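K.L.:
just to be clear, the model below is a prediction. Sequence and coordinates:
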Amino acid sequence: MGKLGEAGLAATAGPARTLGMEGECRASQARSWGLPAGGAGGDSPGGDAPLPGSISSSSLLQAEVLDLDEDEDDLEVFSKDASLMDMNSFSPLMPTSPLSMINQVKFEDEPDLKDLFITVDEPESHVTTIETFITYRIITKTSRGEFDSSEFEVRRRYQDFLWLKEKLEEAHPTLIIPPLPEKFIVKGMVERFNDDFIETRRKALHKFLNRIADHPTLTFNEDFKIFLTAQASEFSSHKKQGPGLLSRMGQSVRAVALSMRGVKSRPEEFMEMNNFIEIFSQKINLIDKISQRIYKEEREYLDEMKEYGPIHILWSASEEDLADTLKSVASCIDKCCKATEKRMSGFSEALLPVVHEYALYSEMLMLTEEIGKLEDKVECANNALKADWERWKQNMQNDIKSAFTNMAEENILYYEQCLATWESFLTSQTDLHLEEASEDKL
Amino acid sequence: MEQAAPDPERLWQPAPLEPLSHPDAGLESMVGEETKGARDEGPGDGTMTENNFSLKKIEISVSEAEKRTGRNAMNMQETYTAYLIETRSVEHNDGQSVLTDSLWRRYSEFELLRNYLLVYYPHIVVPPLPEKRAEFVWHKLSADNMDPDFVERRRIGLENFLLRVASHPILCRDKIFYLFLTQEGNWKETVNETGFQLKADSRLKALNATFRVKNPDKRFIELKHYSDELQSVISHLLRVRARVADRLYGVYKVHGNYGRVFSEWSAIEKEMGDGLQSAGHHMDVYASSIDDILEDEEHYADQLKEYLFYAEALRAVCRKHELMQYDLEMAAQDLASKKQQCEELATGTVRTFSLKGMTTKLFGQETPEQREARIKMLEEQIKEGEQQLKSKNLEGREFVRNAWADIERFKEQKNHDLKEALISYAVMQISMCKKVGFGFSEGTSIFRSAGKFL
């Protein structure tokens, strides 16, 4: 119980099974720390703390812990997940220094706290008379009891991922579901299935599943489990069931939850959220475009640089005295090229996918703002959403910080390597010069 | 003609012109006058050679550039740039410099000077001028001759040219060069009066010689190949460098876009706000740092360009040799044929076909008197021819000797200069890495825990 140290606007925690909307409502009522048990409405301690993640007093913490006594039974069963919860959310007890925030990020990756490991790899092409498509191998390793085995291997295609996303959106209309990579090809690509496209998609799908796995609620979703474990025939028959009816309703509830109209209780927070989403969406999309453009420019720079070094070698062939110096310069340029390649691959591994994923997230968040209203469902939906929103925002900040930190570090490493290369060239030339000078004296 | 080492005691006087072939009588008198004049001004001694033991040194600088308008030869208005050349003599004892001359010259006058030097010193690798038009440009650089950056780089190039000439042991003593630095008005007329344009070898003649010469000195053949290779490889290098610069510029500038976006984003972020601001600011600094970096690189490119143009100067010396050698070969051939003719006439045997021989057969033999006359004439021509051949031979050998001495000097200079240039390139890269790496460290230190450059 003591582990449940969330204050302010913490994200929902605990195992929210796919109980449908009502169940969800109840669960979130119980679980939204920071809100007095018994419902949304009224002031929450979060009202005092103006911002997510700001430090709240520890006395507040005590009050919340007490409030949740009635749910103790439920919580104990899932205490493991609660600790997971801890790591996912930002604990206000920890100082908000950048250093610690970076450490926070690292926590999420600690192996002994995770109990579900998913990888997406081995894209394979399948040709039938009707169509050609790609499947991806998904390997799941888990220690969770509810899974029949500890290891699973299945093959899924993009359509299946779409299905999963829709099911999650139906079941958890107030939660922020991770985005899928684009369905269609980005303009400018010639072939539908070229290698870069497939690799980018694979990485994004991997991220998608892992985001779900890391989400305190979504991770226990039944469809998710089936997606990861069911073999081909079992899976296709499972897909055929499932009410499509609820999906539309789910969408609008979610829309309402995100829209500021019809919200009685906390207009400022939702206005703030909306404002944030709008600006964030704008900025992250720009950053996505800028990052893609940088990658393209660097690619072209590298191509030219690769030609630059060899010319010096060519030149050295017609020179005598200068030959060694020219060859050294060529070798330095080549080393710098390799360092550039390394930096670029870091950029495309770490920064590009992260920024793009958040651009997709933001599109999704923006779209759902505009649809209708359903008054009576708003209250409980708001709380769940708000909690999830805070969790999402925290993750976003960590991920972005991490991505740009990483980019800066790659750059620093790159410049260090180039510096060392040229400095050693300089030393060798000076040594030679001294050697020659002393030879002249003899 | 002698290739004497710079005589330290020698006064800076307009040396009598010592062109390879025909000393120009008219000019010598002028030389005499000017010499007196120079002497009156005092011993302004001093070449710019490195081992300078002279009492006074001359400093030359092209210190300013100015846009001018005037009328050209066809009386049309034109805009051009004039460059201010200042000459200073430096007192050995206190290092103070005194301005002795200053005048304005435009690029076409520099060209005139160089063309004159090419004609009168064909055995010298004459320093090249900076490019007439901007080449190897990348998108940010302007190809416009009036562009201030281009003018600035040209100013430096022209100064470099004058320094090279002034530090050349032979060229520095040239009278026309001296006048170029000291006599503003009338200089063009003075140069033209030397009649050097008439003395220049026609291109056609030179081309012809290149193709037909049978026995040029092997070293010159090799040198020609070398200069072709040098020109080709430096061109290639400059082209690729320009493309690399272009791309690098793009990379840096696109990063600049991050700056504005981060800044705007930081407004909605609370604890991440500071970090974003800092990172955004750094991105702006990063994007603007490329301008200086590439400007420095442009100077490096100019150093390489000088040697690109030097390759042409090397080829010019080779061509002169080929021309002289061809001339020699033709003269020898001519002599040989005359000797043979003579022999045939004397002995009466006709071994070679000649029109005269044919007509004789057809229209009857010539009289013995006629034959004697012809033999006599041929013998005279042969005598003359032998003299000419001898002197041509001598000239040719002198040329080769002198040219080769200057080529050796040039090779040393080239190796030294290019090595320095390559080293300066490395220094540029090092300073860039330090500056930019530090920037990244600073700009994102708020995100990062440890800074390596700090």
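P.N.:
Received, thanks.

K.L.:
which residue ranges form the strands in chain B?
P.N.:
Under the criterion DSSP state E, chain B contains strands at B:56-71, B:77-91, B:97-106.

K.L.:
of those strands, which is nearest chain A?
P.N.:
Set against chain A and scored by C-beta to the nearest C-beta, the strands of chain B come closest in strand B:56-71, at 25.1 Å. (Each C-beta comes from the backbone N, C-alpha and C, glycine too.)

K.L.:
list the pairing partners of that closest one within its sheet, with orientation.
P.N.:
strand B:77-91 (antiparallel) (DSSP bridges).

K.L.:
pull out the buried residues from the partner strand.
P.N.:
B:81, B:82, B:83, B:85, B:86, B:87, B:88, B:89, B:90 (16 or more other C-beta atoms under 10 Å in any protein chain shown).

K.L.:
the fifth one and residue B:104 touch, don't they?
P.N.:
No. Taking contacts as C-beta atoms under 8 Å, residue B:86 lies outside contact range of residue B:104: 10.4 Å.

K.L.:
residue A:140 pairs with what?
P.N.:
For residue A:140, the beta-bridge partners under DSSP bridges are residue A:118, residue A:152.

K.L.:
counting contacts, what elements does whichever strand or helix holds residue A:334 pack onto?
P.N.:
Per DSSP states H and E: residue A:334 is located in helix A:323-346. With contacts taken as 3 or more C-beta pairs under 8 Å, 6 or more residues apart in numbering or on different chains; DSSP states H and E, helix A:323-346 sits against helix A:267-316, helix A:378-441, helix B:368-443.

K.L.:
could you give the angle of the shortest one to helix B:368-443?
P.N.:
Think helix A:267-316. 150 degrees (axes from the mean of the first three to the mean of the last three C-alpha atoms, to 10 degrees).

K.L.:
find the closest residue to chain A in the stretch 351-454 of chain B.
P.N.:
The stretch 351-454 of chain B approaches chain A most closely through residue B:437 (3.3 Å), counting by C-beta to the nearest C-beta.

K.L.:
quick one: low-confidence ranges for the chain?
P.N.:
I went with chain A, as the question did not name one. For chain A, applying pLDDT under 70 flags the ranges A:1-112, A:185-193, A:242-270, A:367-382, A:433, A:436-442.

K.L.:
that's the other chain; I wanted chain B
P.N.:
For chain B (pLDDT under 70), the answer is B:1-57, B:92-93, B:95, B:139-143, B:349-366, B:444, B:446-454.

K.L.:
quick one: residues contacting the residue nearest the centre of it.
P.N.:
The residue lying closest to the centre of chain B (C-alpha atoms, centre = their mean) is residue B:128, at 1.5 Å. Residues in contact with residue B:128 (C-beta atoms under 8 Å, 6 or more residues apart in numbering or on different chains) are B:114, B:161, B:306, B:309, B:310, B:312, B:313.

K.L.:
neighbours around the second one, how many?
P.N.:
Read that as residue B:161. The tally of other residues near residue B:161 (other C-beta atoms under 10 Å in any protein chain shown) stands at 22.

K.L.:
ok, now how distant is it from chain A?
P.N.:
Distance from residue B:161 to chain A, counting by C-beta to the nearest C-beta, to the nearest Å: 23 Å.

K.L.:
how much space between that residue and residue A:301?
P.N.:
In this view, residue B:161 and residue A:301 are 34 Å apart by C-beta to C-beta, to the nearest Å.

K.L.:
list the contacts of whichever residue of the stretch 101-250 of chain B sits closest to chain A.
P.N.:
Per C-beta to the nearest C-beta, residue B:247 is where the stretch 101-250 of chain B lies closest to chain A, at 3.7 Å. Neighbour list for residue B:247: A:297, A:300, A:301, A:304 [criterion: C-beta under 8 Å, 6+ apart].

K.L.:
by neighbour count, which of the residues you listed wins?
P.N.:
Highest neighbour count within the contacts of residue B:247: residue A:301, with 23 neighbours (other C-beta under 10 Å).

K.L.:
give the contact list for that one.
P.N.:
By C-beta under 8 Å, 6+ apart, the contact set of residue A:301 is A:340, B:244, B:247, B:248, B:250, B:251.

K.L.:
which one of those has the most neighbours?
P.N.:
residue B:244 leads those on contacts (other C-beta under 10 Å) with 23 neighbours.

K.L.:
stretch A:411-427 close to chain B?
P.N.:
Yes. Judged by C-beta under 8 Å from any C-beta of the partner chain, stretch A:411-427 and chain B are in contact via A:411, A:412, A:415, A:416, A:418, A:419, A:422, A:423, A:425, A:426.

K.L.:
what is the most widely separated pair among the residues you listed?
P.N.:
Among the residues of stretch A:411-427 next to chain B, the pair separated by the greatest distance (C-beta to C-beta) is A:411 and A:426, at 22.2 Å.

K.L.:
which residue packs closest to the residue nearest to the centre of chain B, ignoring adjacent ones?
P.N.:
residue B:309 (3.3 Å; C-beta to C-beta, 6 or more residues apart in numbering or on different chains).

K.L.:
tally of neighbours for the one you found?
P.N.:
Residue B:309 sits with 17 neighbouring residues when counted by other C-beta under 10 Å.

K.L.:
which of residue A:411 and residue A:426 has more neighbours?
P.N.:
residue A:411 (22 against 17).

K.L.:
which outside residues touch stretch B:327-338?
P.N.:
With contacts defined as C-beta under 8 Å, 6+ apart, stretch B:327-338 is touched by B:209, B:213-215, B:378, B:381-382, B:385-386, B:388-389, B:392-393, B:396.

K.L.:
let's see 7 Å
P.N.:
Where contact means C-beta atoms under 7 Å, 6 or more residues apart in numbering or on different chains, the residues beyond stretch B:327-338 that reach it are B:213-215, B:378, B:381-382, B:385-386, B:388-389, B:392-393, B:396.

K.L.:
in the stretch 251-400 of chain B, which residue sits nearest chain A?
P.N.:
The stretch 251-400 of chain B approaches chain A most closely through residue B:265 (4.2 Å), counting by C-beta to the nearest C-beta.

K.L.:
isn't that residue right next to residue A:283, touching?
P.N.:
Yes. Proximity of residue B:265 to residue A:283 meets the contact threshold set by C-beta atoms under 7 Å, at 4.2 Å.

K.L.:
ok, and the closest non-adjacent residue to residue A:341?
P.N.:
Of all residues not flanking residue A:341 in the chain, residue A:302 sits nearest, at 6.5 Å (C-beta to C-beta, 6+ apart).

K.L.:
list the contacts for the one you found?
P.N.:
Per C-beta under 7 Å, 6+ apart, neighbours of residue A:302: A:337, A:340, A:341, A:344.
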